[in-house]
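J.: One predicted model, sequence on top.
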Amino acid sequence: MTDESRETIQKPEGEVKLDTSDLNLYYDSFRALYDVTVSIPAQTITALIGPSGCGKSSFLRCFNRMNDLIPTARVSGDVRLDGQNVYDRETDIPELRKRVGMVFQSPNPFPMSIYDNVAYGPRLHGTQERSVLDELVEKSLRGAALWDEVKDTLRKSAIDLSGGQQQRLSIARVLAVEPEVLLMDEPCSALDPTATFKIEELLLELKESYTIVIVTHNMYQASRVSQYSGFFLLGELIEYGPTVEIFENPEDQRTDDYVRGRFG
Amino acid sequence: MKALPRIRPRTMQALAFAGLWALAVLVIVPVLVVLGIMVAKGWGELSWEFVSSVDTGLLAPIVGTTVLVMLTAAIAAPVGVAAAVYLSEYARAGTFVRLVRLAIVNLAGVPSVVYGLFGLALFVTLLQFGRCLLAAAFTMALLVLPLVITASEEALRQVPRGLREMSFALGATRWQTVRRVVLPNALPGIITGMVLSIGRAAGETAPILFTGAFLSLTHPFPKSLLDPFVALTYRLFVDATEVPGVAEGVKWAEAVVLVALVLGLNLGAVTFRARLRRARRW
Amino acid sequence: MRSRGQRIREWVIGHVIVASGAAAIVFVALIFFFLVRDALPLLKTDSFWGVLTGSNWRPTSEPAQFGLLPLLLGSLYVTAGALVLAVPLGLGAAVFISEVAPAWVREILKPMVEVLATIPSVVFGFLGLMLIGPWLAEVLNLPVPLFAGLGSLMLAFMAVPTIVSVSEDAIRAVPMALRENSLALGATRWQTIRRVVVPAARSGIIAAVLLGLGRAIGETMTVLMVTGNAAVIPEGFDGFLRPVRTLTATIAAEMGETAYATPHYHALFTIGLVLFAITFLTNTIADIAIRRSGRMTI
């Protein structure tokens, strides 16, 4: 990354929750991320925008090491959570994923009851007592704005829920492990506008307690929901800063072109 | 109830995976060891003379089994391939198709000795073939039918839809399309299925126990389809259990020949199919 | 334009093909019909329930007794023993192949399992008779190297390939996304297998076990050669270490010597009918289970 582009990345205010320096990601010989350096502040929502296939999802998956699942993926550079490098040899990956939760594009509920879906995470990590689980399930479902709709049908299969409900269930599932960070990979792209709106409202509530990074194709969503935005193009982080600045007064011409819909 | 002390997930995983590795070894090693022992024990008796002599050798069973499986294939092929064509090209969703498929699943699951009973009742007794090659072949054909149908249907389904659509677009009828486009392209896969069925038929004993297999020194070769015959599997069975005084090495050699035959057929079919898949022109 | 002759030919051929499909149904019905036809004469004189629960199988004594209970229990013991060995082995191997094994191990294990599937049953019987039986008899200090447990052991290796291949299909059908979601919540791979993948593949696994069961119960030559062929009622765990006789072995051993249309003949066909009914049941249920296993995600 050149000195010039380094200046376009403004230092955000507040405590830094996630940061990377010179992060490169390779799939075999294909370079998916180029020297990405960024600091993401705590308890904010950061939107990652940019054309399809530009590395936004790959970047997101570095934070909880989901890229490890791809045999050809290789990472160089640092990725830190609260200052600790997550690619350290001693990192306990399941523990990392507990702290850094992820919501995927398609809901994919487990073929179990709603209750068991939400209780899955806590049970993994050792919670067995019924009363504790009951409380945690209710708290998570409330946190995902789903409790009122399902509180009487917790035993029903999660597969019977609507798309929007399933996505909120996915969020509840993640909240149940009590993470610090929420990574969201285009969480609304498979949903209708009403369901999308509900989730966007939910995100604004959640940001009080969590640090959220959301990949989105929808620029309206990005401007509505996020405080900070990062613009990715062909694996490079072109610009990162307060959303208002990125959308109204970007430093880089390419950013300007993108947000005004001139390409991608 | 007090909870059991919790094992860390990482440790649990290590234990579980170690157990699975052990299981895999438990499956592979005995097979290899036993096959090895089998070859070692039968090696001494194996010779061209053994295979080709009539009295104490295996010529008669080999000939008998060969004729049996050829007949079996000849009987099973038309019905099996036609049924596969039905399933792949003509069938429309509905109860009838579901019943046909259920019937095939059940045919595949009928015990081989029950096929023997059926063959006895229908071919040997009612149709009065008597205990002979013909009765045994018909019985065996029914047993391998599900295999032929399944393999042929898979081969037919591998033919891309586009080829059929192109044929229809040119005005061909369904049968014309099947005969000129689909079947020729599916033929290698169908042949593979036939070879697998032949392999299966060569290894079965129960269906021929009372429909035509026998042991004879005076008439080792069947002179007509209505004569009984000597089969490799039956020969191994009686030599191992009923006939006294057979040298141990001979018995092992018979087992080796049978396994080699069946494995060879199956291996041939599978390799042929793999090569097919790689050489596909689409 | 198509000629009339051509259209008739098309019509005829089409119907012949559909008839070939129907042939499968016809054959199943035929088998059932002939079994009933030649079993019925016995069931006219003895009640079906009486035959089923009679505790003596003595076809050659005077008067002949055709109680199936020893044979049913013989089959039950041998099959149950086989499943106890084959299900953990087969399911474990399937999980191992789909989720844990590195590629090079898969390349070895899968062909091995297929080889196992093609070995003729008479060879399994032979191996049990000549090799494994005597060895076990020595190790366990048994009087006779032919016993139910030996049948279970040999049958287990025969049922494993069926269980492995059907289970493996079911496990591979579980969508990748479910595994990803589980891992993203902080699960280890083993936790994911145990809590998500295997439960999700439940229907297919049940089908695999049922098909393995059908295979074991219907097996003839192996049990004929290694289980000792004594039509006694097995009892307790000891029953595994003593000779028994299965339904299938009875038919195979006695039909050759039995004259047509005698009570003994009809009794053997009755056994055939019982076997047919059992495997029909297990196969149909297994088929239903396999169809259900597609209903896993939206």
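T.: Perfect, thanks for sending it.
J.: How about residues contacting stretch A:20-40?
T.: Stretch A:20-40 has contacts (C-beta atoms under 8 Å, 6 or more residues apart in numbering or on different chains) with A:1, A:6, A:9, A:11-12, A:16-19, A:46, A:55, A:58-59, A:62, A:67, A:70, A:72-80, A:211, A:213, A:228, A:230, A:234-237, A:240. For glycine as for every other residue, the C-beta is placed from the backbone atoms N, C-alpha and C.
J.: just the buried members of those?
T.: A:9, A:12, A:16-19, A:46, A:55, A:58-59, A:62, A:67, A:73, A:75, A:77, A:79-80, A:211, A:213, A:228, A:230, A:235-237, A:240 (16 or more other C-beta atoms under 10 Å in any protein chain shown).
J.: didn't residue A:80 look like it was pressed against residue A:17?
T.: No: under the criterion of C-beta atoms under 8 Å, residue A:80 is not in contact with residue A:17, lying 9.3 Å apart.
J.: max-length helix in chain C?
T.: helix C:4-45 (DSSP state H).
J.: Tell me where chain B is predicted with low confidence.
T.: B:1-5, B:280-282 (pLDDT under 70).
J.: Kindly report the same for the stretch 1-150 of chain A.
T.: Within the stretch 1-150 of chain A, the stretches with pLDDT under 70 are A:1-13.
J.: all strands of it, in order?
T.: Under the criterion DSSP state E, counting those that start in this stretch, strands of the stretch 1-150 of chain A are mapped to A:16-27, A:30-41, A:45-49, A:73-81, A:84-85, A:100-103.
J.: Make CSV out of these and add distance to residue A:149.
T.: As requested, the strands of the stretch 1-150 of chain A are exported to CSV (distance: least, C-beta to C-beta, whole Å):
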stretch, distance to residue A:149
strand A:16-27, 31
strand A:30-41, 32
strand A:45-49, 24
strand A:73-81, 33
strand A:84-85, 38
strand A:100-103, 18
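J.: Nearest residue to the residue most central in space within chain A in space, please, no chain neighbours.
T.: Closest to where the C-alpha atoms of chain A average out (C-alpha atoms, centre = their mean) is residue A:183, at 1.7 Å. Once flanking residues are discounted, residue A:183 sits nearest to residue A:102: 4.5 Å by C-beta to C-beta, 6 or more residues apart in numbering or on different chains.
J.: In contact with that neighbour, which residues are there?
T.: By C-beta under 8 Å, 6+ apart, residue A:102 lies in contact with A:60-61, A:64, A:66, A:174, A:182-185, C:184.
J.: Secondary structure element for residue B:264, which one?
T.: helix B:248-278 (DSSP states H and E).
J.: Which strands or helices does that helix pack on?
T.: Helix B:248-278 sits against helix B:9-42, helix B:48-52, helix B:183-203, helix B:232-241, helix C:103-118, helix C:121-127, with contacts defined as 3 or more C-beta pairs under 8 Å, 6 or more residues apart in numbering or on different chains; DSSP states H and E.
J.: What's the first helix or strand after the last one?
T.: The one in question is helix C:121-127. Next element after helix C:121-127 (DSSP H and E): helix C:133-139.
J.: which helices and strands sit right next to the next helix-or-strand element following that next one?
T.: Under the assignment DSSP H and E, the closest C-terminal helix or strand after helix C:133-139 is helix C:148-172. With contacts taken as 3+ C-beta pairs under 8 Å, 6+ apart, helix C:148-172 sits against helix B:9-42, helix C:69-95, helix C:103-118, helix C:121-127, helix C:133-139, helix C:202-218, helix C:221-226.
J.: Single out the most deeply packed of these.
T.: Of all these, helix C:221-226 has the most neighbours on average by mean count of other C-beta atoms under 10 Å in any protein chain shown, namely a mean of 31.
J.: just checking, what packs against that helix?
T.: Judged by 3+ C-beta pairs under 8 Å, 6+ apart, the packing partners of helix C:221-226 are helix B:232-241, helix C:121-127, helix C:148-172, helix C:247-254.
J.: ok, now with 6 Å
T.: Packed against helix C:221-226 by the contact rule (3 or more C-beta pairs under 6 Å, 6 or more residues apart in numbering or on different chains; DSSP states H and E) you find helix C:121-127, helix C:148-172, helix C:247-254.
J.: Distance from that helix to the middle of the chain?
T.: Distance of helix C:221-226 from the chain centroid (C-alpha atoms, centre = their mean, to the nearest Å) equals 14 Å.
J.: And stretch A:235-250, by the same measure?
T.: The answer for stretch A:235-250 is 18 Å, by C-alpha atoms, centre = their mean.
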